[in-house]
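Q: Any chance you could fold what I've pasted below:
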Amino acid sequence: MQAQSKAPSSLLVVLAFATVYIVWGSTYFFIQRALAGFPPFFLGAFRFITAGVIMLIWSLLQGENVFSAKAIKPAIITGLLLLFIGNGIVIWVEQFLPSAMVAIMISSSPLWFILLDKPKWSENLSNKSTIVGLLIGFAGVVLLFSEKIMVSMSSLNSSRDLFAMALVVFGSMAWAGGSLYSKYKSGTNSATVNSTWQMLAAGIAFLPGSIISGELTSINFAAIPLDAWLATAYLIVFGSIAGFGAYVWLLKVQPATKVSTYAYVNPVVAVLLGIFFAKESISVLQIVGLVIILGSVLLINLHKYRKPKQVVSAY
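A: Prediction:
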């Protein structure tokens, strides 16, 4: 089992992290674009069922053991926690909460990884660089969006938006819990098979909400703008198939705490995309926030990179 964890090449790990960092950082923007044409429950169902079917066909073509009860059950549980609850809440609240506020709440995920990862408590809670890095990273995200938060707070609809914010925190907990469940309880080593059933389970779970809310009967496909279709296509191909597939694989081969740093880097990517492609401005406070976040990720990863070197030297 230890040999398996050392098998992945550094290049593959770097590419997977780059995919999760950059692609998922852009999904906040594309979710809001997609919601301009698709209702939230239908968007979740359409996105994940389509991605799941594509992954299923690919898995079958690769000769994967897809229809294994041992693999399906834990993947369904993980998919419901990660994509239906965790990602579904993000889709729903982005109808009326500012994306900056959602990004802040989601960035609490690494803290939940630490608190919920019981097998790693002795390692993580005793590691000062990890704890300090996580706290500094969260502070950096708050600083990055501090100006937008102040504006958002003044325009919040107290009861509805406070409830939505509480839901996002719960979603972050569900995402961390589902990720850890996938890491420790997965019934297969195939990230492709895991991703397939996770996405299909989540997509099907969105359907009752779409039916009950009347979305399926009221949606007019001809009236959906091209931008919304393109944004949804991006979410399916890059956000779900490439990004989520890379994430599930990383959970298998890397420490969960290290993988969770995506939640700090994603807002950085979102801000940079806004600067380069939407001609948004950046303040001194935001620059400081960016530097702090990247420094925190380095601090968290530094311990993980040093650990193998100490073992080799001792040998």
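Q: you'd agree Ile106 is up against Ile89?
A: No: applying C-beta atoms under 8 Å, one finds Ile106 not in contact with Ile89, separated by 9.6 Å. The way it works is simple: take the backbone N, C-alpha and C, and place the C-beta from them, glycine included.
Q: between those two, what contacts are shared?
A: Between them, Ile106 and Ile89 share these contacting residues under C-beta atoms under 8 Å, 6 or more residues apart in numbering: 168, 171.
Q: Give me the below-cutoff pLDDT ranges for the protein.
A: Within the chain, the stretches falling below the threshold (pLDDT under 70) are 1-7, 98-101, 148-149, 151-158, 278-280, 301-315.
Q: how close does Tyr234 get to Ile287?
A: Plainly put, Tyr234 is 28 Å away from Ile287 if you go by C-beta to C-beta, to the nearest Å.
Q: Ok, Ala231 next?
A: Noted for Ala231: a distance of 29 Å to Ile287, by C-beta to C-beta.
Q: go on, Ala201?
A: In this view, Ala201 and Ile287 are 41 Å apart by C-beta to C-beta.
Q: check contacts around the nearest residue to Ser179 once chain neighbours are set aside.
A: Leaving aside its chain neighbours, Ser179 sits nearest to Leu251 (5.8 Å; criterion: C-beta to C-beta, 6 or more residues apart in numbering). Counting by C-beta under 8 Å, 6+ apart, Leu251 makes contact with 179, 182-183, 259.
Q: Who has more neighbours out of Ala231 and Ile287?
A: Ala231 (24 against 13; other C-beta atoms under 10 Å).
Q: packing partners for the helix or strand hosting that one?
A: For Ala231, the element it lies in under DSSP states H and E is helix 226-234. Contacts defined by 3 or more C-beta pairs under 8 Å, 6 or more residues apart in numbering; DSSP states H and E place helix 226-234 against helix 10-35, helix 40-61.
Q: Quick check: which of those helices is buried the most?
A: Looking across the helices and strands packed on helix 226-234 with neighbours counted as mean count of other C-beta atoms under 10 Å, the highest average goes to helix 40-61: a mean of 20.
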